[in-house]
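>>> What would the 3D arrangement of this be:
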Amino acid sequence: MSTLILGLPKGSLQEATFGMLKKAGWSISSGSRSYIPRIDDPEIQPRLIRAQEISRYVENGHLDAGITGHDWIVENGSDVVEVTELVYSKQGMNPVRWVLAVPNDSPIQSAKDLAGKRIATEAVGITRRYLEQNGVQAEVEFSWGATEVKAPELVDAIVEITETGSSLRANNLRIVEEILTSTTRFIANKQAWEDDFKRRKIEKMALMLQGVLAADRKVLVKLNVQAGDLDAVANLLPSMHAPTVNNLRTEGWYSVESVLDEKVVREIIPELKTAGAVDIIELSLNKVVP
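Numbers count the residues shown, from 1 in each chain. Got it, this is the predicted structure:
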């Protein structure tokens with residue numbers, strides 16, 4: 001049987017990735033130290049690997065495909081096929097940022113002020129390219145972790161990844177500049193992409209994963225309404241195309257359903273009720289595939 005060797009990110013993205021795959025139709029489980037998780041699809045061989053390394057293993061063919069951040073593709077300079085963008089992160093559905101940060105009382109105000117300074121970061125390549133672009137010579141050292149606590153005693157500045165900035169603020173750091181915005185990507189090895197089976201499998205997975213992300217923060221609203229109130233109710237309903245309207249068995253009554261952004265439901269349901277809608281139901285969605 002042909003199989004696809006798939007790299008999944010171990011660490012901060014693992015839980016969010018497993019949850020997304022679950023909604024897409026793949027159930028994955030793993031022990032705390034397991035490198036090879038279990039999956040309910042005999043055509044996939046998953047491997048748990050640090051996101052920082054996945055693009056390198058995809059490029060050299062040890063993995064056929066993988067899920068990793070755009071930042072690590074850039075950091076590694078990996079030559080891979082970027083199949084699709086998957087906008088999610090460990091805390092939500094937002095991009096992450098690599099930022100230059102310094103202590104609150106530091107005189108550093110821009111990249112130009114880094115000349116001759118020492119910078120700690122896990123993204124050494126990204127940081128060095130950033131300095132080169134700004135014509136600045138500074139010492140960049142690799143940080144094995146806890147980067148936020150190294151300034152100002154050990155280094156003058158750090159380049160660190162953040163979603164909300166809360167960890168930086170907690171360590172009395174302020175953001176000077178944003179260096180790179182990154183989202184998660186589904187990537188493939190170039191030779192695997194030319195293999196018919198592997199490409200079809202990757203494309204199917206990409207479609208389902210995009211469906212999960214498209215469904216995020218959307219709900220299905222269903223309701224019943226009498227014929228005389230149908231137009232008023234339908235006009236209140238934003239939807240992907242147009243609300244679905246079906247005749248009910250009871251003459252003069254209709255069933256209406258529409259996919260809505262979850263944030264508008266709290267405002268629109270009272271209006272629907274006032275316009276004549278009854279039996280209003282809100283349902284969560286796993287996937288929306290256009």
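
>>> all strands in the stretch 51-200 of the chain, in order from the N-terminus.
Here the stretch 51-200 of the chain has its strands, by DSSP state E, counting those that start in this stretch, at 65-69, 81-86, 96-103, 118-121, 139-142, 157-162, 173-182, 184-188.

>>> which residues touch the host helix or strand of Ala214?
Using DSSP states H and E, Ala214 sits within helix 196-215. Applying Cβ atoms under 8 Å, 6 or more residues apart in numbering, the external contacts of helix 196-215 come out as 2, 4, 20-21, 23-26, 43-44, 64-65, 83-84, 86-88, 93, 186, 188, 192-193, 285-290. Every residue, glycine included, has its C-beta placed from N, CA and C.

>>> Just the buried ones from these?
Burial by neighbour count, 16 or more other Cβ atoms under 10 Å: within the contacts of helix 196-215 this picks out 4, 20-21, 23-26, 44, 64-65, 83-84, 86, 88, 186, 188, 192-193, 285, 287-288.

>>> Among the residues you listed, which ones are in helices?
Within the buried ones among the contacts of helix 196-215, residues falling in helices by DSSP state H are 20-21, 23-24, 192-193.

>>> any idea which of the residues you listed is closest to Val278?
Lys23 (30.8 Å; Cβ to Cβ).

>>> quick one: that closest one and Ser182, what's the gap?
Note on Lys23: its distance to Ser182, by Cβ to Cβ, to the nearest Å, is 22 Å.

>>> Show the model's pLDDT score for the residue of the chain most remote from its centre.
Distance from the C-alpha centroid of the chain, by Cα atoms, centre = their mean, peaks at Glu251 (46.8 Å). Note for Glu251: predicted pLDDT of 93.

>>> Setting aside sequence neighbours, what's the nearest residue to Thr84?
Using Cβ to Cβ, 6 or more residues apart in numbering and skipping residues adjacent in sequence, the residue nearest Thr84 is Ala206, 4.6 Å away.

>>> And for Gln52?
In space, Gln52 is closest to Trp72, 5.2 Å off (Cβ to Cβ, 6+ apart).

>>> ok, now Val74?
Looking at Val74 with Cβ to Cβ, 6+ apart, the closest residue is Ile126, at 6.1 Å.

>>> dump the residue contacts of the nearest residue to Glu75 once chain neighbours are set aside.
Computed as Cβ to Cβ, 6+ apart, the closest residue to Glu75 that is not its neighbour in sequence is Gly125, at 4.7 Å. Shown in contact with Gly125 (Cβ under 8 Å, 6+ apart): 74-77.

>>> Make a PyMOL selection of whichever of those residues turn out to be buried.
Buried residues within the contacts of Gly125, by 16+ other Cβ under 10 Å, are selected in PyMOL with:
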select buried, resi 74+75+76
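
>>> Just name the closest of the contacts of Gly125 to Glu257, please.
Val74 (42.9 Å).

>>> related to what we said a few turns ago, for Ile67, see how far away the residue nearest to Thr84 is.
10 Å.

>>> what do the two both touch?
By Cβ under 8 Å, 6+ apart, Ala206 and Ile67 have these common neighbours: Phe186.

>>> neighbour count winner among these two?
Neighbour tally, Ala206 and Ile67, criterion other Cβ atoms under 10 Å: the higher count belongs to Ile67, 24 against 18.

>>> That one: what's it in contact with?
With Cβ under 8 Å, 6+ apart, Ile67 has these contacts: 6-9, 13, 17, 51, 54, 86, 184-187.

>>> ok, now Leu230?
Contacts of Leu230 by Cβ under 8 Å, 6+ apart are 245, 254, 256.

>>> Any of these buried? List them.
254, 256.

>>> of the contacts of Leu230, closest to Ala151?
Looking across the contacts of Leu230 and measuring by Cβ to Cβ, the closest to Ala151 is Val256, at 57.4 Å.

>>> in which helix or strand would I find the closest one?
strand 253-261.

>>> So in that sheet, which strands flank that strand, and in what orientation?
strand 218-226 (antiparallel), strand 244-247 (antiparallel) (DSSP bridges).

>>> Ala275 is nearest to which of those strands?
strand 218-226 (8.0 Å).
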